[in-house]
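K.L.:
dropping the sequence and predicted coords here.
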Amino acid sequence: MAVVSAGLLAAVAVGPAAASSGEAPVRVAAAGASCGVVNWGSLPKAADGTGDRPLTNVRTGRHDCYDRMVLDVRGGLPASTVGYQVRYVDKFHQDGSGREIAISGGAILEIVALAPSYDPDTHQPTYAGRGGRPLPGVSLSGYRTFRDARFGASYEGRTQLGLGVRARLPFRVFQLGDRLVVDVAHSWTATTAR
């Protein structure tokens, strides 16, 4: 007996009678649910913001359909939007100096957050990134899409990061509280396993 739920086939075993008769349970192959990543696209994405809250951390995570990078900014009252520009570039050039920074991968996403890596009032560092170096505490071992992550610069209230990805894939950017989130899909037709 197969069960159909929300238009997708689910893996189901035949009832206890089959199991007690020595028959092997029948499994129906699972169809994956679409992740909707095709709607994300690969064109540049941007949003305005104030740039008055500093970057405090960068971390990454793996999901069924995409790899995720999260930029944490210092909380503040009133909460303000973190502006950003995220786009694919042919080469990653450091803000301010123009120096090219080599990044591994088939494509490079340049992430510019309107959040300095220093406190705007005291000018003390709030994030330990160094120009051209891998992001502190970020390991991309085992990721399907992410290949390399480098610090570009923190210049004039903006922090620039370079993200090497497997290929030019769809991505999305959004703010969630005190976090700026960048998701890059595993493929143009990513699906979840069911």
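P.N.:
In hand now; what should we look at?
K.L.:
pLDDT on stretch 54-65, on average?
P.N.:
The pLDDT scores in stretch 54-65 average 96.
K.L.:
for this protein, give me the ranges with low pLDDT.
P.N.:
Along the chain, segments meeting pLDDT under 70 span 1-33, 77-79, 192-194.
K.L.:
now do the helices in it.
P.N.:
Under the criterion DSSP state H, the chain contains helices at 16-20.
K.L.:
okay, domains of it per the record?
P.N.:
In terms of domains, the chain is parsed into 4-31, 40-192 (source: automatic domain parsing).
K.L.:
among those domains, which is the most enclosed?
P.N.:
Of the domains of the chain, the one with the most neighbours on average (mean count of other Cβ atoms under 10 Å) is domain 40-192, at a mean of 17. The C-beta positions use only the backbone N, C-alpha and C, and glycine is treated the same way.
K.L.:
wait, what's in contact with the spatially most central residue of the chain?
P.N.:
By Cα atoms, centre = their mean, the chain has its centre lying nearest to R68, at 2.5 Å. R68 makes contacts with 60-62, 181-184, as judged by Cβ atoms under 8 Å, 6 or more residues apart in numbering.
K.L.:
out of these, the closest to G132 would be?
P.N.:
G132 has its nearest neighbour among the contacts of R68 in T60, at 18.9 Å by Cβ to Cβ.
K.L.:
quick one: contacts for the spatially closest residue to that closest one that is not a sequence neighbour?
P.N.:
Nearest in space to T60, with sequence neighbours left out and distances taken as Cβ to Cβ, 6 or more residues apart in numbering, is M69 at 5.2 Å. Contact analysis of M69 by Cβ under 8 Å, 6+ apart lists 58-60, 111, 146, 149, 161, 163, 181-184.
K.L.:
from P120, how far out is M69?
P.N.:
For M69, the distance to P120 equals 23 Å [Cβ to Cβ, to the nearest Å].
K.L.:
with W188 instead?
P.N.:
When distance is defined by Cβ to Cβ, W188 is 40 Å away from P120.
K.L.:
swap in V112?
P.N.:
17 Å.
K.L.:
and V86, by the same measure?
P.N.:
22 Å.
K.L.:
likewise L176?
P.N.:
22 Å.
K.L.:
what do you get for A113?
P.N.:
As for A113, its distance to P120 is 14 Å (criterion: Cβ to Cβ).
K.L.:
then R59?
P.N.:
According to Cβ to Cβ, R59 and P120 sit 23 Å apart.
K.L.:
still on that earlier bit, nearest to P44 among the contacts of M69?
P.N.:
The closest of the contacts of M69, once distances to P44 are taken by Cβ to Cβ, is I111, at 11.2 Å.
K.L.:
which strand residues bridge that closest one?
P.N.:
V86, L161 (DSSP bridges).
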